[in-house]
Structure formats: C-alpha cells, structure tokens
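> Compute the structure for the input listed below.
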Amino acid sequence: MKDNNNSKIILAALAGAAIGVAIGYFLNSEKKDEILNDLKEGASKLKDDLTGKMDDLKNSAEEHFKKT
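Numbering: from 1, shown residues only. Purely as a prediction, here's the structure:
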C-alpha cells in the first residue's frame with residue numbers, strides 16, 4: 001500500500017514539473033501575449049458558465065423548498 005502511495009506522489013510531482021516546464025516555455029515564447037489572452041478569455045468564460053449554473057441550482061433549490 002505504501003509503495004502505491006509513493007508512486008502516486010512521484011507521478012504527481014513529475015506531472016507538476018512537466019506543467020511548470022510547459023508554462024515556463026510558453027511564457028518565454030513569442031506568443032506569450034496571445035497565450036495569456038486565450039487563458040484569460042477561457043477563465044472568464046468558465047467563471048460565467050459556473051456562475052450561471054450556480055444561479056440555476058440556487059433557483060431550483062428555492063423552488064423545491066417552496067413546494068415542501
């Protein structure tokens with residue numbers, strides 16, 4: 001069991017390192033501004049989508065509890 005946990009930790013560390021290297025590479029590339037704008041737009045869209053879903057969930061919950 002302990003070996004399984006150690007391998008998961010090692011894999012997570014390697015994945016984190018790979019992601020860090022990729023981010024560092026892209027931030028030092030010529031397309032850095034384009035990449036950052038794409039990330040910002042994606043984050044904004046995700047925020048808007050999640051906000052809408054949370055509002056829908058809140059409204060559904062309010063309607064459910066009004067009926068009971």
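
> Break this protein down into its structural domains.
Domain assignment of the chain by automatic domain parsing yields the ranges 1-30, 31-68.

> Is it possible to get TSV of the ones you listed that adds mean neighbour count and mean pLDDT?
To be clear about C-beta, it is placed using only N, CA and C from the backbone, and glycine gets the same treatment. As requested, these are exported to TSV (neighbours: other CB atoms under 10 Å; pLDDT from 0 to 100):
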stretch	mean neighbour count	mean pLDDT
domain 1-30	10	84
domain 31-68	10	89
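
> From E62, how far out is A17?
46 Å (CB to CB, to the nearest Å).

> How about E34?
Taking CB to CB, one finds E34 at 42 Å from E62.

> Remind me what the longest helix along the chain packs against, helices and strands.
With secondary structure taken from DSSP state H, the chain has its longest helix at helix 32-67. Using 3 or more CB pairs under 8 Å, 6 or more residues apart in numbering; DSSP states H and E, the elements in contact with helix 32-67 are helix 2-27.

> Determine how far the helix it packs on lies from the middle of the whole chain.
Distance of helix 2-27 from its chain centroid, counting by CA atoms, centre = their mean, to the nearest Å, is 16 Å.

> Output the contacting helices and strands for that helix.
Looks like helix 2-27 contacts helix 32-67 (3+ CB pairs under 8 Å, 6+ apart).

> between the helix it packs on and helix 2-27, what angle do the directions make?
Inter-element angle recorded for helix 32-67 and helix 2-27: 120 degrees (by axes from the mean of the first three to the mean of the last three CA atoms, to 10 degrees).
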